[in-house]
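K.L.:
got a predicted model here, sequence first, then my questions.
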Amino acid sequence: MSDARNLTAPGPAEFRKLMGRFATGVCVIAVEDQAGEIAAMTINSFVSVSLDPLLVCWSLHNSSSQFDVFAKAKQFSISILNADQAELALRYASRGNSGLRNEDFTRSANDRPVIEGAVGYFDCKEWANFPAGDHTMILGQVVDLSPRQIEESGVAPLGFVNGEFCSIGQ
């Protein structure tokens with residue numbers, strides 16, 4: 001006799017609750033718009049994709065107030081925040097650029113805006129964008145990177161789990 005179950009598809013609330021149990025790192029994506037102004041956004045959807053070529057990916061909500069700026073960017077940086085940068089993460093998690101502070105940024109070797117004091121950054125050029133439900137997956141090819149020496153500096157990365165920031169690894 002088989003064990004027949006009446007399975008129903010999970011809903012968005014159930015999905016979100018379980019995904020919230022999965023710890024992620026916290027990053028800030030930064031680009032310069034057509035006018036040379038910095039646009040920045042906090043994400044926790046960052047993943048590595050490939051070693052040959054070096055590819056990374058992050059997801060952009062299709063209803064983001066800055067969708068066009070990020071979806072059309074040919075170059076962008078991804079700064080991995082340190083555990084002391086939760087306030088900064090909250091600032092760039094808000095809609096638009098109302099909280100943008102130029103003093104939060106320094107420049108990469110390729111002159112991209114990156115977060116000052118971050119654990120490290122990836123300097124990327126656009127590889128591809130793919131529609132994915134209510135998000136767009138943005139793949140970038142890493143053209144440069146700059147990791148800080150975490151062990152030497154004592155700086156731990158910022159994480160996010162169960163709706164709260166945390167320190168990862170230290």
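P.N.:
Arrived safely. The structure presented is a predicted model; accordingly, all values stated were derived computationally and were not measured. Numbers count the residues shown, from 1 in each chain.
K.L.:
use CA for all of it now, contacts and neighbours both
P.N.:
Will do.
K.L.:
tell me how far the residue minimising distance to the centre of the chain lies from Val142.
P.N.:
By CA atoms, centre = their mean, the chain has its centre lying nearest to Ile43, at 3.4 Å. Per CA to CA, to the nearest Å, Ile43 is found 18 Å from Val142.
K.L.:
and Val56, by the same measure?
P.N.:
In terms of CA to CA, Val56 sits 7 Å off from Val142.
K.L.:
could you do Phe15 as well?
P.N.:
Per CA to CA, Phe15 is found 31 Å from Val142.
K.L.:
before we move on, back to that, chain neighbours aside, what residue packs nearest to the residue nearest to the centre of the chain?
P.N.:
With CA to CA, 6 or more residues apart in numbering as the criterion, Ile43 has its nearest non-adjacent residue at 5.4 Å, and that residue is Cys27.
K.L.:
identify the bridge partners of that neighbour.
P.N.:
With DSSP bridges as the criterion, Cys27 is bridged to Ile43, Ile80.
K.L.:
cool, Gly140 as well?
P.N.:
Here Gly140, judged by DSSP bridges, has bridge partners Val56, Glu126.
K.L.:
give me the below-cutoff pLDDT ranges for the protein.
P.N.:
The model of the chain has pLDDT under 70 over residues 1-6, 96-98, 148-154, 170.
K.L.:
going along the chain, name the strands of it.
P.N.:
Ranges of strands in the chain, per DSSP state E, are 24-25, 27-32, 38-43, 47-51, 54-61, 75-80, 105-107, 113-115, 120-132, 135-147, 158-161, 164-167.
K.L.:
pretty sure Leu100 contacts Tyr92?
P.N.:
Yes - between Leu100 and Tyr92 there is a contact at 7.2 Å, judged by CA atoms under 8 Å.
K.L.:
can you list residues touching both of these two?
P.N.:
Ala40 (CA atoms under 8 Å, 6 or more residues apart in numbering).
K.L.:
out of the two, which sits in the busier spot?
P.N.:
Tyr92 (23 against 17; other CA atoms under 10 Å).
K.L.:
tell me the contacts of that one?
P.N.:
Counted by CA under 8 Å, 6+ apart, Tyr92 has contacts 28, 40-42, 99-100.
K.L.:
please report phi then psi for it.
P.N.:
When read as degrees, to the nearest 10, the backbone of Tyr92 gives phi -90, psi 0.
K.L.:
how close does the residue lying closest to Ile138 once chain neighbours are set aside get to Ser45?
P.N.:
Leaving aside its sequence neighbours, Ile138 sits nearest to Asn129 (CA to CA, 6+ apart; 4.6 Å). From Asn129 across to Ser45, the span is 14 Å (CA to CA).
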